[in-house]
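Q: coords below, sequence missing:
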């Protein structure tokens with residue numbers, strides 16, 4: 001920070017930067033945090049099961 005400005009000004013500027021960083025972190029966590037990863041894992045598990053079922057059905061059809 002500049003020595004030309006007062007201490008309170010610098011504290012205020014740092015406070016604004018911290019708030020912006022906190023917002024960035026919260027936005028990131030809402031998009032990519034543990035809750036999102038858990039939902040994605042559950043969705044992928046269902047998808048994998050559907051793929052297995054279709055694969056077995058196709059295998060059984062081709063054997064006939």
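A: Done, it's in. Not measured: the values here are computed from a predicted model.
Q: quick one: mean pLDDT for the one helix or strand residue 35 maps to?
A: Residue 35 is located in helix 34-63, with elements delineated by DSSP states H and E. Helix 34-63 shows a mean pLDDT of 92.
Q: relative to the whole chain's centre, how far out is that helix?
A: In terms of C-alpha atoms, centre = their mean, to the nearest Å, the centre of helix 34-63 is set 22 Å apart from its chain centre.
Q: likewise for stretch 32-43?
A: 8 Å.
Q: what of stretch 55-64?
A: On C-alpha atoms, centre = their mean, the centre of stretch 55-64 falls 38 Å from the chain's centre.
Q: distance of the residue nearest to the spatial centre of the chain from residue 46?
A: Nearest residue to the geometric centre of the chain (C-alpha atoms, centre = their mean): residue 32, 0.7 Å. For residue 32, the distance to residue 46 (C-beta to C-beta, to the nearest Å) stands at 21 Å. Backbone N, C-alpha and C define where each C-beta goes, glycine included.
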